[in-house]
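Predicted model follows, preceded by the sequence.
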Amino acid sequence: MTFNAIKRLAVDSGLPLHEAALVADMTESGNNPEETRAQLSEFLRVILEESEKQYGKAQDTLTGLTGTNAKKAHDRGVLYHSRFTHVAIVASLSICESNASMGRVVACPTAGASGVIPGIFYALSKENAFPFAHLLPGFILASAIGNVIAAKATLSGAAGGCQAEIGSAAAMGAGALAYLSGGDAETVDSAAALVLKSLLGLVCDPVGGFVEAPCVKRNAIAVTAAISAAELALSGVTSVIPFDETVDAMRRVGQTLPMELRETGLGGLAATRTAKQLVDRIQTRFQKP
Amino acid sequence: MSLVNVGGPVMIGPSSSHTLGALRIGRFGNYFLGKTPDKAEFFLHQSFGQTYMGHGTDRALLAGVMGFGDADRAVKDALGIALSRGLVYSFHQEDLGEVHPNTVKMLLYDGADSQEIWASSIGAGMIRIIKINGVECDLSGAYPTLILVNKDIPGALNMILEKIDANVANLYLRRINKLLAKALTIVELDSDLSLRSLLEIKSLPVILEAYYVKSLSDVAQDRVGGLL
Ligand code: SF4
């Protein structure tokens, strides 16, 4: 499945882009579009419910490397960003810290990158008063963008680095935001491509192999990148390289990443002196009854 | 992949391979026994062994053997819940040889009986059951599965298949012990077996032991938030 194919189907059938994505999914996976819509609707419902519940809260995470970031950002309030972006950042941190403390999350597209999509959708619902029914088409399209990446490349950090996890999440979020803001198919394509290009090459290097540092904060930075990309695309900025080809590039970059930079906890940030000291400290924490 | 795979699932964090997969492996054990064991020993290989506490793999495995669903918020408290239910457990690091880095060997006890299950978490929450009581297999847990120890005599398989009233997806046959003429038959089914069919199979003279494991795929209830 390519994004171009979905765009073409939308033009040929006269269907809105997200409906074309549902039809394309049916053709490929055999899934009934109405069942898919219902299932995705349930995922979105949980995303919004958990965002509301965890928003700005401190969490007791498994390793203790994170857990207070959502609260800090929330307590300090807006500094330079818009309210919208601020809420997106806080929601994103909240979900990721909840994930790190064995909370309930929607792995959209993965558990490690589960903060970006909640950031975008919770901010739309809170700050722009989008009702659920208006958000759902954006969530369907986000899933379709992720599915294009899964088909052409990968969504797994162990296989393709963090560009494949958080990079993909950002592309899904940017595309959805552009779409829900009235952007057409080309605008969505550019929004998704612009942010994926900006995160191209991002390595997967979690400290100790745990989904906390840098994962939690990377989600929050990625959500701002996704918003920036959508805003650029909506203002008419186009991506020189189209989305489908950007995904191809991402796959090739992932294939050339050494094993150390693919979730093994051996390279990048995980190989720093501080990371090693922290891992020792975490081991002692686990030793305690 | 499909839109539904990308958009979800709802799960307990932090990791689909180290937490969700572990939970599903444990739940396979629960379904296999048909109940929560009274003792569970876990032997964790490589990555599972090195990082299990930081991923909550221990809590997920235990929650699984108690039958918890994928998105059950009580998974987090599984260690305490196991204690309060009198489920004795232990975790060990062990080199299990040439298997996936995220592999666990589970010994599940029910009174004097025990079952040994080896399973790997292969990413994105997907699992493979690779060995049951010493017999190698390759089960995804996605199908309802019939696991039979039967007499290794001509015609045994036909007698079993005749009684199955669901479509067969995959079939595995292994001779366990030639001297005792025992074989293991594993049947993955497209849909659930009727109770009648199951009882008829159990009462076949060629059947020595029979286990019926439900599909793992559709359990996502939340004990804290919803059902309990
Ligand atoms: S650094 Fe690795 S584990 Fe963390 S979010 Fe990125 S891909 Fe996932």
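Right, received. Where do you want to start? All values derive from a computational prediction rather than experimental measurement. Residues are numbered from 1 along each chain as shown, chains lettered A, B, ... in the order given.

Three-state assignment for the closest residue to residue B:141 other than its chain neighbours, please.
Of all residues beyond its chain neighbours, the one nearest residue B:141 is residue B:216 (4.1 Å), with distances taken as Cβ to Cβ, 6 or more residues apart in numbering or on different chains. For the C-beta atoms, the positions are set from N, CA and C on the backbone; glycine is no exception. Here residue B:216 takes the coil state, with states given by DSSP: H, G, I helix; E, B strand; the rest coil.

I figured residue B:216 hits residue B:142, correct?
Yes. Under the criterion of Cβ atoms under 8 Å, residue B:216 lies in contact with residue B:142, with a separation of 6.6 Å.

Between these two, which is the more surrounded one?
Each of residue B:216 and residue B:142 had its neighbours counted (other Cβ atoms under 10 Å in any protein chain shown), and the higher figure belongs to residue B:216 (26 against 15).

about what we covered before: please report how far the residue nearest to residue B:141 lies from residue B:55.
In this view, residue B:216 and residue B:55 are 19 Å apart by Cβ to Cβ, to the nearest Å.

Could you count how many residues lie near the residue of chain B found nearest the ligand?
For chain B, the nearest residue to the ligand under the criterion Cβ to the nearest ligand atom is residue B:15, separated by 7.9 Å. When neighbours are counted by other Cβ under 10 Å, residue B:15 registers 32.

Phi, psi for it please.
In terms of degrees, to the nearest 10, the main-chain angles of residue B:15 are phi -140, psi 130.

my guess is it contacts residue A:111, does it?
Yes. Between residue B:15 and residue A:111 a contact is recorded at 5.5 Å, counting by Cβ under 8 Å.

what residue ranges in the stretch 1-150 of chain A score low on pLDDT?
Within the stretch 1-150 of chain A, no range satisfies pLDDT under 70.

Quick one: the strands in it, in order.
Residue ranges of the strands in the stretch 1-150 of chain A, as given by DSSP state E, counting those that start in this stretch, are A:104-106.

Quick one: name the residues of it near chain B.
If contacts are counted using Cβ under 8 Å from any Cβ of the partner chain, the residues of the stretch 1-150 of chain A sitting beside chain B are A:21-22, A:25, A:28-29, A:31, A:36, A:39-40, A:42-44, A:46, A:62-63, A:98-112, A:114, A:139-140, A:142-144, A:146-147, A:150.

Could you measure from the closest residue to residue B:31 other than its chain neighbours over to residue B:129?
Residue nearest to residue B:31 in three dimensions, not counting chain neighbours: residue B:213, with 4.4 Å by Cβ to Cβ, 6+ apart. Using Cβ to Cβ, residue B:213 is found at 9 Å from residue B:129.

The residue in chain B positioned nearest to chain A: what's it in contact with?
Closest residue of chain B to chain A, Cβ to the nearest Cβ: residue B:13 (3.3 Å). Contacts for residue B:13 (Cβ atoms under 8 Å, 6 or more residues apart in numbering or on different chains) come out as A:98-105, A:111, A:114, A:211, B:19, B:56.

among those residues, which are in reach of the ligand?
residue A:211 (Cβ under 6 Å from any ligand atom).

what residue lies at the spatial centre of chain B?
Against the mean C-alpha coordinate of chain B, by Cα atoms, centre = their mean, the closest residue is residue B:28 at 2.1 Å.

quick one: the residue nearest to the spatial centre of chain A from residue A:145, how far?
Computing the C-alpha centroid of chain A and ranking residues by Cα atoms, centre = their mean puts residue A:169 first, at 2.3 Å. Here residue A:169 is placed at a distance of 10 Å from residue A:145 (Cβ to Cβ).

And for residue B:72?
30 Å.

For these two, indicate the residue with more neighbours.
The neighbour count for residue B:72 versus residue A:145, taken as other Cβ under 10 Å, is higher for residue A:145 (30 against 27).

correct me, but the more buried one touches residue A:175?
Yes. At 4.7 Å, residue A:145 and residue A:175 qualify as touching, with contact defined as Cβ under 8 Å.

what does stretch A:67-83 rub up against?
For stretch A:67-83, using Cβ under 8 Å, 6+ apart, the contacting residues are A:54-61, A:86, A:89-90, A:93-94, A:97, A:100-101, A:127, A:216-217, A:220, A:224.

just how off-centre is that stretch within its chain?
For stretch A:67-83, the separation from the chain centroid amounts to 19 Å (computed by Cα atoms, centre = their mean, to the nearest Å).

And stretch A:77-84, by the same measure?
Counting by Cα atoms, centre = their mean, stretch A:77-84 is centred 20 Å from the centre of its parent chain.

Just the C-alpha atoms of it, please, in CSV.
What follows is stretch A:77-84, C-alpha atoms only, in CSV (Å, rounded to 0.1, in the frame of the first residue of the first chain):
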residue,chain,number,x,y,z
GLY,A,77,2.3,26.5,31.9
VAL,A,78,2.8,28.1,28.5
LEU,A,79,6.1,30.0,27.9
TYR,A,80,6.6,30.5,24.2
HIS,A,81,4.3,28.0,22.5
SER,A,82,0.6,28.4,21.8
ARG,A,83,-1.9,26.9,24.2
PHE,A,84,-2.5,24.2,21.6
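
what are the ranges of the helices in the stretch 151-289 of chain A?
For the stretch 151-289 of chain A, the helices defined by DSSP state H, counting those that start in this stretch occupy A:157-160, A:162, A:168-180, A:185-198, A:215-234, A:243-256, A:273-287.

related to what we said a few turns ago, so which of the residues of the stretch 1-150 of chain A next to chain B sit within helices?
The helices, defined by DSSP state H, take in A:21-22, A:25, A:28-29, A:36, A:39-40, A:42-44, A:46, A:98-100, A:139-140, A:142-144, A:146-147, A:150 from the residues of the stretch 1-150 of chain A next to chain B.

If anything else comes up later, I'll come back, but that's it for now.
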